[in-house]
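Undergrad: model the following, please.
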Amino acid sequence: MTDTAPFKALNIAVLTVSDSRTEADDKSGNLLKSALLEAGHLCIDKAIVKDDIYQIRAQLSQWIADPVVDVVLSTGGTGVTGRDGTPEAVSPLLDKEIEGFGEMFRVLSYNDIKTSTLQSRALAGVANATYIFVMPGSPGACKTAWNSLISEQLDNRTRPCNLVMLMPRLKET
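TA: Numbering: from 1, shown residues only. The predicted model follows:
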């Protein structure tokens, strides 16, 4: 359900974690950028970093420290292989985890990939009043996460509640 309030555009950065992707073949990162722009948000930055916890943390820390960045959408590095380290990189940076994101993502993914969804370590949280969503690297996973979860929660008109309406209170102590 949505209300008739005017849409509030958010400043969103997109991070692709990959040892092999370039801007030319970054399907998932480009999908997320297109989706957020189509929704009316602003893509204020986009980066590709190697699947290295320190490179991931360095880029995320820069955006988390920037008061202009409202949201970071991250894709890649959520599997269980030796190089997949995005959850380990992100978790220590979070002030609060939004457990429901990963839980709901895996439920929704089950419809498409069945039990393979248990390999996903998708997560979300808040760091310095910046929402961070960590998704698998496949375009299908990013599409599921955006269309079924993230887009409505980043729309201030979604009722009964959304993450945007909480933004003014994220810095309360």
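
Undergrad: can you report how many residues lie near Ile44?
TA: When neighbours are defined as other Cβ atoms under 10 Å, Ile44 has 16 of them. The way it works is simple: take the backbone N, C-alpha and C, and place the C-beta from them, glycine included.

Undergrad: pick out the residue nearest the middle of the protein.
TA: With distances taken as Cα atoms, centre = their mean, the residue of the chain nearest its centroid is Phe133 (2.4 Å).

Undergrad: now Asp26: closest residue in space, sequence neighbours ignored.
TA: Once flanking residues are discounted, Asp26 sits nearest to Thr16: 5.1 Å by Cβ to Cβ, 6 or more residues apart in numbering.

Undergrad: hmm, Ser138 is touching Leu31, no?
TA: No - judged on Cβ atoms under 8 Å, Ser138 makes no contact with Leu31 at a distance of 9.8 Å.

Undergrad: where does Asn30 sit, in terms of helix or strand?
TA: Remark: Asn30 resides in helix 27-39, with elements defined by DSSP states H and E.

Undergrad: list the buried ones in the helix or strand just after that helix?
TA: Per DSSP H and E, the first helix or strand lying C-terminal to helix 27-39 is strand 42-49. Within strand 42-49, the residues that count as buried by 16 or more other Cβ atoms under 10 Å are Cys43, Ile44, Asp45, Lys46, Ala47, Ile48, Val49.

Undergrad: same question, stretch 156-173
TA: Residues of stretch 156-173 classed as buried by neighbour count (16+ other Cβ under 10 Å): Asn156, Arg157, Thr158, Asn162, Leu163, Val164, Met167, Leu170.

Undergrad: equivalent analysis for stretch 7-15, please.
TA: For stretch 7-15, burial by neighbour count (16+ other Cβ under 10 Å) applies to Lys8, Leu10, Asn11, Ile12, Ala13, Val14, Leu15.

Undergrad: okay, strands next: where are they in the protein?
TA: 11-17, 42-49, 71-75, 96-97, 123-127, 130-135 (DSSP state E).

Undergrad: now those strands as CSV including mean pLDDT and distance to Leu149?
TA: Output for the strands of the chain, formatted as CSV (pLDDT from 0 to 100; distance: least, Cβ to Cβ, whole Å):
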stretch, mean pLDDT, distance to Leu149
strand 11-17, 98, 15
strand 42-49, 98, 19
strand 71-75, 98, 11
strand 96-97, 98, 15
strand 123-127, 98, 9
strand 130-135, 98, 8
